[in-house]
Structure formats: structure tokens, C-alpha cells
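Enquirer: Starting from these lines, generate the structure:
(chains A and B)
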Number of protein chains: 2
Amino acid sequence: MLTIEQALARVLAHIPPNGAERASLAEAHGRVLAEDVVSPGELPPWPASAMDGFAVRAADVPGELVILETVAAGGVPRHRVTPGHATRIMTGAPVPDGADAVLMVEDSEPAGPDRVRLGGGATSGQHIRPQGSEVPRGAPVLSRGRTLGAGAIGVLAAVGIPAVQVAVRPKVGILSTGDELVEPGSPLGPGQIHSSNGHALAALVREAGAHPVDLGSIRDDPAALAAAFRAALRCDVVVSTGGVSVGDYDHVKDVLGELGITMDFWRVAMKPGKPLAYGVLGGTPIFGLPGNPVSCMVNFYQFVRPVLRSMLGDPTPFLPVIQAELVGRTRRRPGRPEFIRVRLFREGDVVRAEVAGHQGSAGVLSMADAHGFALLPEGATEIAGTVAVQVFDPNFQSGKDAGYRWSAP
Amino acid sequence: MLTIEQALARVLAHIPPNGAERASLAEAHGRVLAEDVVSPGELPPWPASAMDGFAVRAADVPGELVILETVAAGGVPRHRVTPGHATRIMTGAPVPDGADAVLMVEDSEPAGPDRVRLGGGATSGQHIRPQGSEVPRGAPVLSRGRTLGAGAIGVLAAVGIPAVQVAVRPKVGILSTGDELVEPGSPLGPGQIHSSNGHALAALVREAGAHPVDLGSIRDDPAALAAAFRAALRCDVVVSTGGVSVGDYDHVKDVLGELGITMDFWRVAMKPGKPLAYGVLGGTPIFGLPGNPVSCMVNFYQFVRPVLRSMLGDPTPFLPVIQAELVGRTRRRPGRPEFIRVRLFREGDVVRAEVAGHQGSAGVLSMADAHGFALLPEGATEIAGTVAVQVFDPNFQSGKDAGYRWSAP
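Expert: Modelled structure (predicted):
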């Protein structure tokens, strides 16, 4: 049996190439940046006032000065500030030539029409954001491989960039195998169940930043399987579910053999989700995930998602891991490492983890309740106290006290 | 000056009503559920085998039995299991009538054509998932207000539901005010800067699950502002940026007065982001956020996002908070509570927080580097050690060791 790390090393050994495309800021939001971005201009583009007040020569303060003009944000100074003069200026407006300091309104008092008395002192440069001080021209702004959240979109706009190169979303062909599968909404005949893995996988693929291509539920018939896999191979990655247990996958094996591919059937030392089939044809990775819904999702998160994130150029392709305090303790018979589905919630400033519902691989509801996986290590019989949790759903906020709390530590 | 909690209580006192709409599973993914979902059927829909093996009467084991037939997943048993008989059965297939236990293949050996010898013993019910044992008919499956991630989509499909009611995405009108604003991609004239808040806010609104309506950058001219606000009031929520500092917002104030709205200009005790304007017209909340990009985003996360999530029906509308170990220590002069932008990364199983770039409100790059806010409480002069972090970007994974690690605690 392979360890999780061994299986992961094998699938990560082959990351298919992936292209880039130009996207506007709105389209680029949430995507992975495919270029290193440097600033085409300076920020601020000119010396800018950081306050509402008066632009002066520091040497003229304290004193009574003649007001030359008023410059608002978006305005352009028309006059140079010469000795004995001041310009009324708003936050964000360009500081006029000749001035080397801004005094706050609070330090001024009117001294007749067009005159102002400025108290206190002034140091050269005060309350002025020098040209290029925030972002110099050519400064690195964002690195290739990062996911573009709202902050990154704001920065791109601020330095004047309307569009960037982003990684193309890999197309992931999804096919479910099994004669028993019926689409949700259709009534079940004898021996039938509703197809759920295809829907869950499409969502998982989207959440990983890739593009799901639904190839439907395929009957366990050689001609149908061959046609489905041939169509799937036009995608960048293929994920099938069902029939990975050795013995009942014979049709798929034969079909893939005819298409020229040898699948490795692995038993990975993990629970749930032991069986995993993997192969590559013409550069396209093909994953055969278990048909059990929980095992299918666990396998996707551990093996398929890191491949998709790596294709996108994300240098940190794994799920975030946080620490949480386990509620109670969970005992098991010693065995394979086990992914325990946990619900996360916040109590005060502490994140707590609670085992989610039924933990058998049949407990499909546990995947909807859970926000992450706590790992019971190989051979361990208990987890308790502080546990590390792989987070797949960051929508945990507050539990018993659902309020906004900032009574910091 | 209002505290953060006081300002939040005021904006949360008015949550506009929001409708629901039917969405297919693919469309519902990532949306907020607007109904309580119960299971229309049972899971499994019939007693199902949990193993590859033989369906038998437990009383007949150990013994040599006549094989009646083979039932695969998706198949339907044709024969009742009577004394002295067994049915070969695959994982997930319906258990035939008459059988009350499944024996694993490992416990069998062939005993001539159509005969099998079954060793060991059997208890009634073993390796059978009883009908409805996982999800009984009418069982609560998912609650209204929850965000539908991949696990929830899988559960809906598994119980046979093809579409659900989800909260309509509130339309958020975004307008940027200021004569100095030029769209990214256009060259800057004297005194001009690139408009960034509108782009960042559109992304923030999308990330909150709402729908941004870009109303552009509006010159500080009464007629243009009146037209823009009139258009904005067709949205469910209006967010404007710029000109919230008392004094230079006069046109907007006049225009809003003519439209029948009184804005409250608040000074909220927080840093950055002190000024915040808020009002309601005809049920529509209107937020006037500061023009400074960092202050604008901090205000959005603290005040606008909770309103949007509440409109969607999310009972936990606040950002998730996790604990992290601050790298080094951060000192400040005592003052208003301060939102320190921090970059999160993982080292082993510990999440570390590192202060992101320049923390002045001009440090726009810090919003792109950061994953969350650490709070420096009012009057405090230092944060160090374990800090609580509001996470707005969960895309932090691994830092210095970027590998997959499950060397659990």
C-alpha cells in the first residue's frame, strides 16, 4: 500500500502544461495570475497632500501668508508657492511647486480676506506623500501564481493596469460509471440510486479554479465507456468515479487498454478512500476515484485538487491548515490514517472542531456539515485537544455566539 | 465617536428584504440556501450490500450453499434467498429478500459449480446498510442560510433533489466620486489618479455573494451626482466612495438632500477608516465609504459585508476568525483600535501572521499582500504572540515549507 505522501508525489510528478489568457480586472477576479506584474507608473503620480490644509514653504511657518488659490483633489495648481505665500489644499490634491510642507487646517486661522495665519512649526516634507513613495515606477506589484482577490484587483487598478494574463482554467472531464445511476429529479427504479458524485465533483473542480466538463453517467458497457473516455481525453484532466475496486472495473480497464492507457490501481493507506486508479495518456492525467461519495471527495481533495492548482501555477497547491480545539475526544481502532470530517465554529477567539455526523464512508451528510478534515495519524487510537485541520470550506464563522467579537486576546 | 460595535449595530438594524429564486445544482453552488431541505426519499433506497460477497440467511452459516444468481450494483435480485441458498452480491447492490447478512468474499471458497462454502459465522444484519439508515425519508438535510459548497451539492444530488431555492444576489450600486479619477488603462492628466475603489468594491461585493452594478466614476457636479444616485437607488444597496470627510462632501450632501435622504456622518473609532456616512432611502441602505483605498476596504469588510450576508440570510455574517502566531511584535502609539493587515502562512501545523507591508492608510499594496486583519485593541501599544485574525482571503496555504504535511500534532 502507498502512503498518502507517496501517492501524492506520483500524481504531482506529471503536471500538464497550461496556457494563459488576457482578462479584464472583473474577469481576472478569483483567477490565478500568470505573469509577474510591475507598476507601469508611480503612486502617487505627483507629490500629494495627505491632509486638508495649506501647502507652504516650511521656512515661512509660523507666519501670516497670502493665499494664492485653492486646489481640490482632481485639481491642478496654477501657481508656484513663493516666499510669503500659501495654497489651500485638499487631501489627495497635488502639492504645488515651491511648497515643501502641508499644514493642517487645525493649525491655521483666518487673517482677513486671502490671508491665513499659520501657527506652530513645520518640517520640510510634512503631510506630503512624495511622488512614487508608495509604488515606484517598475516596482514589483504582484507575483505570478497568486490568486487575485479583491485587494489584488484594487492594486492593479491603482497602478493603472486594466487587464492581466491569467492561467486558463483547465478543463476537467467528469464521468460517473455505474448502471445504477439516475439523475436527481428522476424517479428511482429498482436497484437504482441518484447520481451525486458528478455534481459534487463539478463543484469541487469549480472551487479549485478549473472548469468542469460534465460527461454524464456512463453504463458499464464497453462501447459506451470507450466513447465517453474518448470524449473525456479532449479535456486537460479526466476524473471518473465508480468501479475502482479491483475486480469490478474490468470493462473500464479493457476500454482504457484499447485506448492505449495503463491504469495503476493503487491502494493508498488512508481512510476513507483507499482505492485510487491513476494513469496518463497523451499527457492527460486520468483519475479513477471511488464511487462512494465520501471517499470520492476525500480523494479529490488529497490528490486531484493539488494537481489542478499546480496546473494553474499556484505554488501552494494544498488546502490551508489551521489549528482548532477538538470538542471531546475521538477514539478509533488503530489502523490507516483517517480523515475525520469536522465542523468548525468559533467560540470567542478560539476555533473549535466538532466531529461531523456519521464518520463511516457511507455518511454522505458529514461532507455537507464539515468544514475540514482532522487527521487521525496511522496507528493512533485517539485525537483530542489541539488538532490540525485541513480546511476545505472557509465559511465557518461563529457558532454559539454568532456576534461580531473583537475582544482581542 | 462611535465604537465599531455601535456603528455595526446601527447598520444591522436595517436589513432590506431579499427574495429567493430556484436554481439548479450547478447554479446553486456557492449561493445561500433560502429554504430548509428535507429528504424526499430514503438513503439507501433499499437494503444495500456494504461488501463484495454473498447475501445469505445468517442461520445458514457456516455451511455449503447453492448460488442463486449474481447481483451487481445497479442490478435487481430476481430470486428470494431461501434456506440453503446464497446470492453473489457486489458493493452497493440491493440485498435480495430473504437474506439478512452479507459475508465477505474473503470468507468464502468455491465448492463446485454454483456452490460456495462459507466459513466463520454471521450475525443478522452484518455488512448490510439498512434501507433509510443513512438518511430517512423526511429527514432534515440542509438548513436555510447555509452557503452551498461542494459537500452540500453532493448531498442534494444524493437525496435526489435537482434544484433548490437560493437567496437572490442583492444588487449593489457602486459609484466613485471625484474629479481626479481616470479608468485604469487611460493615461493620467495633471492631478489625476487611476480609479481603483470601484474595481476593488466590485470584487468585494462578488466575494460577499452579491451582484455589483458599476455606476462609474462621477464628477463632483450636482447634476451628474443626482443622476448617478437616482440610478443607484434602483439597486438594493448603494456604496459610494470618496468625499466622506466632512467639508468636501457638500455637493453629495445637497444632492442626497434633494433626493430626500439624510446621511449620518459618523466618525467610527477605528484605524484606518474613521469616516463613514450612512443613510437609508426608501428601504435602500446607502454607504459612503472613504476614498482612501485601504480605509475603503476596511470599512467594507466591517460594515457593508455583514449587511449583504445578512440580506442573503447567512446567520453568521462576519468574517471567520482564526488564531495565529505573530512573527515579531508590532508597536503603536496608543489610540483607536487598529486593523493591522497581516499575511498568513503555515509553518508545520502552526499558522503564522506577519505584518503586511506599509501599514499607513496609503499602503494600498498591503491589502494585496494580506490575508486578514489582526486587531490592535483601543489604547494598546503592542500586539505579539497569539493573535486573533479576521480572515478575508483564505488562500493562505504554506509558506517556507510549501509541502503537504500531515505530521499531525
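
Enquirer: Just to be sure, residue A:254 is in a helix?
Expert: Yes: under DSSP: H, G, I helix; E, B strand; the rest coil, residue A:254 falls within a helix.

Enquirer: ok, it - contacts?
Expert: Residue A:254 is in contact with residue A:222, counting by CB atoms under 8 Å, 6 or more residues apart in numbering or on different chains. No exception for glycine: its C-beta is placed from N, CA and C like everyone else's.

Enquirer: can you tell me the average pLDDT over stretch A:203-221?
Expert: In this model, stretch A:203-221 has a mean pLDDT of 94.

Enquirer: Would you mind listing what in the stretch 201-350 of chain A touches chain B?
Expert: The stretch 201-350 of chain A comes close to chain B at residues A:202-204, A:206-207, A:220, A:245, A:247-248, A:291, A:293, A:297, A:306, A:315-323, A:337, A:346, A:349-350, as judged by CB under 8 Å from any CB of the partner chain.

Enquirer: can you rerun that using 6 Å?
Expert: Within the stretch 201-350 of chain A, the residues that sit near chain B (CB under 6 Å from any CB of the partner chain) are A:203, A:204, A:207, A:248, A:293, A:316, A:318, A:320, A:321, A:322, A:346, A:349.

Enquirer: Need the per-residue pLDDT for the fourth one.
Expert: Read that as residue A:248. As predicted, residue A:248 sits at a pLDDT of 53.

Enquirer: what does residue A:381 give?
Expert: 88.

Enquirer: where does the stretch 151-300 of chain A dip in pLDDT?
Expert: A:243-250 (pLDDT under 70).

Enquirer: Distance-wise, check residue A:115 relative to residue A:108.
Expert: 11 Å (CB to CB, to the nearest Å).

Enquirer: These two - which one has more neighbours?
Expert: residue A:108 (20 against 12; other CB atoms under 10 Å in any protein chain shown).

Enquirer: surely that one meets residue A:116?
Expert: Yes: proximity of residue A:108 to residue A:116 meets the contact threshold set by CB atoms under 6 Å, at 5.1 Å.

Enquirer: tell me which element residue A:205 falls in.
Expert: Assessed by DSSP states H and E, residue A:205 sits inside helix A:197-207.

Enquirer: Now do that helix: distance to the chain's middle.
Expert: 16 Å (CA atoms, centre = their mean, to the nearest Å).

Enquirer: After that helix, which helix or strand is next?
Expert: strand A:211-218.

Enquirer: Which strands border that next one, and is each parallel or antiparallel?
Expert: strand A:171-177 (parallel) (DSSP bridges).

Enquirer: what about whichever helix or strand comes after the partner strand and chain B, any contact?
Expert: Downstream of strand A:171-177, the next assigned helix or strand under DSSP H and E is strand A:181-182. No: remark: strand A:181-182 sits outside contact range of chain B, by CB under 6 Å from any CB, the gap being at least 7.4 Å.

Enquirer: Please name the strands paired to strand A:181-182 in the sheet, noting orientation.
Expert: Sheet pairing of strand A:181-182 (DSSP bridges) gives strand A:193-194 (parallel).

Enquirer: Identify all contacting residues around the strand it pairs with.
Expert: Contact with strand A:193-194 is made by A:180, A:182, A:184, B:158, B:160, as judged by CB atoms under 6 Å, 6 or more residues apart in numbering or on different chains.

Enquirer: Now with 10 Å, please.
Expert: A:178, A:180-188, A:291, B:41, B:43-46, B:48, B:73-74, B:92, B:94, B:156-162 (CB atoms under 10 Å, 6 or more residues apart in numbering or on different chains).

Enquirer: Mind jotting down where the helices sit in the stretch 101-250 of chain A?
Expert: Secondary structure of the stretch 101-250 of chain A (DSSP state H, counting those that start in this stretch): helices at A:150-158, A:197-207, A:222-232, A:250-258.

Enquirer: is it possible to export the ones you listed to JSON lines including distance to residue B:252?
Expert: What follows is the helices of the stretch 101-250 of chain A, written out as JSON lines (distance: least, CB to CB, whole Å):
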{"stretch": "helix A:150-158", "distance to residue B:252": "22"}
{"stretch": "helix A:197-207", "distance to residue B:252": "40"}
{"stretch": "helix A:222-232", "distance to residue B:252": "56"}
{"stretch": "helix A:250-258", "distance to residue B:252": "65"}
